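Student: Need coordinates for the following:
(one chain, ligands or ions: 1)
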Amino acid sequence: MERSLILLKPDCVQRRLCGKIISRFEEKAINIIGLKMIQVTPELSKQHYAEHVEKPFYPGLEEFITGAPVVAMVLEGLDVIRVVREMLGATNGLNAASGTIRGDYSSSRQMNLVHASDGPDASAREIALYFADNEICGYEPCLTPWLKASDE
Ligand code: CMP
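Tutor: Numbering: from 1, shown residues only. Just a heads-up that it's a prediction; the model follows:
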């Protein structure tokens, strides 16, 4: 089992798309084990986007990510980091394939609705930034025997 940190970004909250996007993860049978709404501060933005802080687009990114609340989630599942990134599609909504979340709902590079960790190191770092251990509620879904074979 793997975990990934997901943010439904301020554009997602403002456009009232959170329910639709959470449903996509639920319908894919991915387990939501943490979920909360928070206001990202400039300090948290700089920690989250540490690799981008020196890039020319960072000031605009910080203004955007702190401009309204986000919904932060921890998702758990087999290969969930790759699976969720494939569900999101390309970073720029204009390039994202139809049928992906960004392909269906975003026409922007910055306002691309959802952030998802891009690897296991990023996932561990980002989950620790947004969630305390006691805010993560791992559980065994009662539907598991109907979602995958016992050797998967
Ligand atoms: P995200 O997956 O949250 O990770 C970094 C974010 O920076 C990315 O989504 C985009 O929203 C944003 N981003 C990446 N590249 C650019 C760029 N060239 N110009 C503006 N924003 C960008």
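
Student: Give me every residue in this protein lying close to the ligand.
Tutor: 52, 57, 61, 91, 109-110, 112, 115 (CB under 6 Å from any ligand atom). All C-beta atoms are positioned from the backbone trio N, CA, C, and that covers glycine.

Student: repeat that with 5 Å
Tutor: Residues of the chain lying close to the ligand (CB under 5 Å from any ligand atom) are 57, 61, 110, 115.

Student: can you pull out the helices in the chain?
Tutor: With DSSP state H as the criterion, the chain has helices at 10-14, 18-27, 42-48, 58-65, 80-88, 101-105, 120-130, 144-147.

Student: Show me how far the fifth one is from its chain's centre.
Tutor: Centroid separation for helix 80-88 versus its chain: 9 Å, with CA atoms, centre = their mean, to the nearest Å.

Student: Now do the same for that helix: mean pLDDT, whole number.
Tutor: For helix 80-88, the mean per-residue pLDDT is 98.

Student: contacting residues around that helix?
Tutor: Residues from elsewhere that reach helix 80-88, judged by CB atoms under 8 Å, 6 or more residues apart in numbering: 1-4, 6, 24-25, 28, 30, 75, 77, 96, 100-102, 112, 114, 116-120, 123.
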